[in-house]
Each structure stands twice: as structure tokens, then as C-alpha cells.
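Colleague: The sequence and its predicted three-dimensional model are supplied below.
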Amino acid sequence: MDPALRPLDDAAVPAVMAHDRAVLYKHSPTCWLSGRALGEVQAFAAACPDVPVWMVDVIRQRPLSQDLARRLEIPHASPQVIVLQQGDPVWDASHMGVTASALERIVARLPEPAPGAG
């Protein structure tokens with residue numbers, strides 16, 4: 001796994017929700033479109049290293065993926081990115097909408113985190 005993409009598990013969800021800005025990426029390792037989206041998410045992570053990106057494998061981590069869909073009130077899709085601000089979803093995209101440029105544009109519109117904030 002790309003070191004810029006952090007694997008998400010149940011124990012890490014509270015930390016993700018505590019960040020001022022974060023990105024969740026839902027990935028299917030068996031889907032060609034997820035492979036394309038993964039490249040876009042990796043490009044975003046390289047361009048914006050101050051914004052943590054967590055990845056969920058929607059096949060191996062199906063219960064977690066479904067829990068996130070319920071918790072965030074965003075219907076499941078794969079590939080899918082969800083931009084969070086202080087744990088609240090502020091933007092999401094799926095399939096061909098997952099692009100580094102769209103992620104960069106959305107994150108640039110978010111307020112900068114307070115000094116010392118996560």
C-alpha cells in the first residue's frame with residue numbers, strides 16, 4: 001500500500017473523525033475503475049501531504065464500509081472519496097468523479113486547521 005494512504009480500521013475511525021480535514025477513499029481491489037481512482041487519490045495525497053487520506057478495502061472490510069455509509073449518511077459506492085471536515089462529510093464523489101484535481105479544489109476551499117489541530 002502507498003505509505004501516503006493510511007489503512008482504516010474500526011479502531012482508527014474516532015481519530016479520523018477528530019481531524020480538521022481528512023479524506024476517506026473506498027477501494028475495491030477487483031475493480032479496474034478503482035485502480036484508476038487509486039492513481040488519482042495517490043496523486044492528491046502527494047500534492048496535499050497535510051491532508052490525511054485513509055483507505056477502506058470495500059471487499060475485505062465490508063462491515064466497516066457499510067458502517068461508514070450509515071454514519072456519514074452517504075450511500076455506498078466504489079470507488080468513492082469522502083472529504084471530511086471535523087468528522088462531517090463536506091463533499092463526496094464516486095467512479096469517474098474521483099480525481100486529484102477535484103479533491104485539491106475542494107480541500108483548498110476548506111478553512112485551514114487551527115495551529116496544532118489535527
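Modeller: Perfect, I can see it now. Numbering: from 1, shown residues only.
Colleague: got a list of what A45 touches?
Modeller: By Cβ atoms under 8 Å, 6 or more residues apart in numbering, A45 lies in contact with 2, 4-5, 51, 53. (Each C-beta comes from the backbone N, C-alpha and C, glycine too.)
Colleague: three-state assignment of the residue nearest in space to the middle of the chain?
Modeller: Taking Cα atoms, centre = their mean, the centroid of the chain lies closest to L24, which sits 1.7 Å from it. Per DSSP: H, G, I helix; E, B strand; the rest coil, the local secondary structure of L24 is strand.
Colleague: List the residues that contact it.
Modeller: Contacts of L24 (Cβ under 8 Å, 6+ apart): 8, 16, 53-56, 68, 81-82, 84.
Colleague: ok, these vs S94, which is closest?
Modeller: Closest to S94 out of those is V81 (7.7 Å), distances taken as Cβ to Cβ.
Colleague: Sticking with that closest one, tell me its helix or strand.
Modeller: Assigned by DSSP states H and E, V81 falls within strand 80-85.
Colleague: if we can go back for a sec, quick one: which two of the contacts of A45 are the most distant?
Modeller: Using Cβ to Cβ, those reach their maximum pairwise distance at D2 and V51, which is 14.3 Å.
Colleague: picking that back up, please pick the buried ones from the contacts of A45.
Modeller: For these, a neighbour count by 16 or more other Cβ atoms under 10 Å gives the buried set as 4-5, 51, 53.
Colleague: In this structure, mark out all the strands, start to finish.
Modeller: Assigned by DSSP state E, the chain shows strands spanning 5-7, 21-27, 53-57, 80-85, 88-94.
Colleague: Would you format those strands as TSV with distance to I106 included?
Modeller: Below are the strands of the chain laid out as TSV (distance: least, Cβ to Cβ, whole Å):
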stretch	distance to I106
strand 5-7	18
strand 21-27	9
strand 53-57	13
strand 80-85	5
strand 88-94	5
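Colleague: circling back: tell me which residues form a beta bridge with the residue nearest to the centre of the chain?
Modeller: W54, I82 (DSSP bridges).
Colleague: where's it relative to P75, distance?
Modeller: Distance, L24 to P75, by Cβ to Cβ, to the nearest Å: 14 Å.
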